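Colleague: A structural model of the following input is requested.
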Amino acid sequence: MTPLVWEYLEIAVLAAVQGLTEFLPISSSGHVIVLAALFDRFGHPLDQKLTINIALHVGTLLAIAVFYRRRIARLFGSDRRMIGLILVGSVPAGLAGVAYKKFLESWFVARFAWNPLEDALLAGMMFAVTGGLLTAASRRESRHGRGTVSGSELTYRQALGIGVFQALAILPGLSRSGATIAAGLFCGMKREEAAAFSFLLALPALTGAGLLEALDAAKNSGGRLEVGPLLVGAALAFVVGWAALRWLIAWLQEGRLAWFAAYVFVLSPLVIAWRLLG
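Modeller: Numbering: from 1, shown residues only. Okay, here's the model as predicted:
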């Protein structure tokens, strides 16, 4: 196959995985990093991975905006208090993202020649942590019953706590949606409300991450990448992401969160073994 065909194929695969795993609680970053490592080793190494990541983020952001369009509209009416909760919950991830990009990333690279956010082995380890969080949240509901708290009824302290879980999900393999939904359930939220708050919280987080990546891409522009594959990737990430959101909400309402935990518990040792032995 020609390099351009490889680009279309690999970006399409990355977009489908990004759209699916950004919303399902199984870590999009972990899956994308593992896939990129497989492409580098067995396929056609992609140029400008940051630019590709930005395009995929645009697709998933649009999926959230379209899926929760009515809930977003209510933020400017009956749910105005949620704006403050979302802003407070966004602070930890904002601080973590800026601190990593401005200080920690260069320190890790200079001292260890290693970028932890691009490490497939670390992603494999964090998959197990994601499984642990999902299992703990499911057991919490089994012991105490389904939650009753809505998003607007959260305290600012609880919103900040959920934001801390989101900040920890900067680590590849630790699912952002899984961590924040689990944190919401720990706070006694209704399942669908925990999901809604998680994805509304994702809007500023993903936008900020995209802006940081765009700045990096502008500084390190190089390589060649056609616009066509990027547009295909963004569109596919949107379509798959919207479908994944519908799937997740349905499964949450049926109490199947632990099913996702089983998946990442199986995936974790496979990725670790591949990176250590392969």
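
Colleague: which stretches of this structure aren't confidently modelled?
Modeller: Within the chain, the stretches with pLDDT under 70 are 1, 44-51, 217-226.

Colleague: within the helices and strands, which one has the residue lying closest to Phe127 once chain neighbours are set aside?
Modeller: Nearest non-adjacent residue to Phe127, counting by C-beta to C-beta, 6 or more residues apart in numbering: Ser268, 3.9 Å away. To be clear about C-beta, it is placed using only N, CA and C from the backbone, and glycine gets the same treatment. Here Ser268 sits within helix 257-277, counting by DSSP states H and E.

Colleague: now do Ile72
Modeller: Residue-wise, Ile72 maps onto helix 69-74 under DSSP H and E.

Colleague: now the end-to-end length of stretch 74-89.
Modeller: From its first residue to its last, stretch 74-89 covers 18 Å (C-alpha to C-alpha, to the nearest Å).

Colleague: ok, back up a step: mind giving me the packing neighbours of the helix holding Ser268?
Modeller: Applying 3 or more C-beta pairs under 8 Å, 6 or more residues apart in numbering; DSSP states H and E, one finds that helix 257-277 makes contact with helix 120-144, helix 176-186, helix 227-253.

Colleague: which one of those helices lies nearest to Ala96?
Modeller: Smallest distance to Ala96 across the helices and strands packed on helix 257-277 (C-beta to C-beta): 11.6 Å, for helix 176-186.

Colleague: after the closest one comes which helix or strand?
Modeller: Immediately after helix 176-186, counting by DSSP H and E, sits helix 191-219.

Colleague: and that following helix with helix 176-186, angle?
Modeller: Taking axes from the mean of the first three to the mean of the last three C-alpha atoms, to 10 degrees, one finds helix 191-219 and helix 176-186 inclined to each other by 150 degrees.

Colleague: report the angle between helix 191-219 and helix 257-277.
Modeller: Using the same axes, to 10 degrees, helix 191-219 lies at 30 degrees relative to helix 257-277.

Colleague: for helix 191-219, packing partners?
Modeller: Contacting helix 191-219 under the criterion 3+ C-beta pairs under 8 Å, 6+ apart are the following elements: helix 49-67, helix 69-74, helix 81-99, helix 156-168, helix 176-186, helix 227-253.

Colleague: ok, back up a step: helices or strands next to the helix holding Ile72 in the packing?
Modeller: helix 191-219.

Colleague: rerun that using 10 Å as the cut-off
Modeller: helix 49-67, helix 81-99, helix 191-219 (3 or more C-beta pairs under 10 Å, 6 or more residues apart in numbering; DSSP states H and E).

Colleague: what residues of the first one count as buried?
Modeller: For helix 49-67, burial by neighbour count (16 or more other C-beta atoms under 10 Å) applies to 49-64, 67.

Colleague: can I get it in PDB? Just the C-alpha atoms.
Modeller: The C-alpha trace of helix 49-67 is given here as PDB (Å, rounded to 0.1, in the frame of the first residue of the first chain):
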ATOM      1  CA  LYS A  49       0.900  12.400  15.900                       C
ATOM      2  CA  LEU A  50       0.000  15.600  17.800                       C
ATOM      3  CA  THR A  51      -1.900  17.000  14.800                       C
ATOM      4  CA  ILE A  52      -3.700  13.700  14.400                       C
ATOM      5  CA  ASN A  53      -4.600  13.700  18.100                       C
ATOM      6  CA  ILE A  54      -6.000  17.300  17.800                       C
ATOM      7  CA  ALA A  55      -8.200  16.200  14.900                       C
ATOM      8  CA  LEU A  56      -9.600  13.200  16.900                       C
ATOM      9  CA  HIS A  57     -10.200  15.400  19.900                       C
ATOM     10  CA  VAL A  58     -12.300  17.800  17.700                       C
ATOM     11  CA  GLY A  59     -14.500  14.900  16.700                       C
ATOM     12  CA  THR A  60     -15.100  13.700  20.200                       C
ATOM     13  CA  LEU A  61     -15.700  17.200  21.500                       C
ATOM     14  CA  LEU A  62     -18.400  17.700  18.800                       C
ATOM     15  CA  ALA A  63     -19.900  14.300  19.900                       C
ATOM     16  CA  ILE A  64     -20.300  15.500  23.500                       C
ATOM     17  CA  ALA A  65     -21.700  18.900  22.400                       C
ATOM     18  CA  VAL A  66     -24.300  17.300  20.100                       C
ATOM     19  CA  PHE A  67     -25.300  14.500  22.500                       C
END
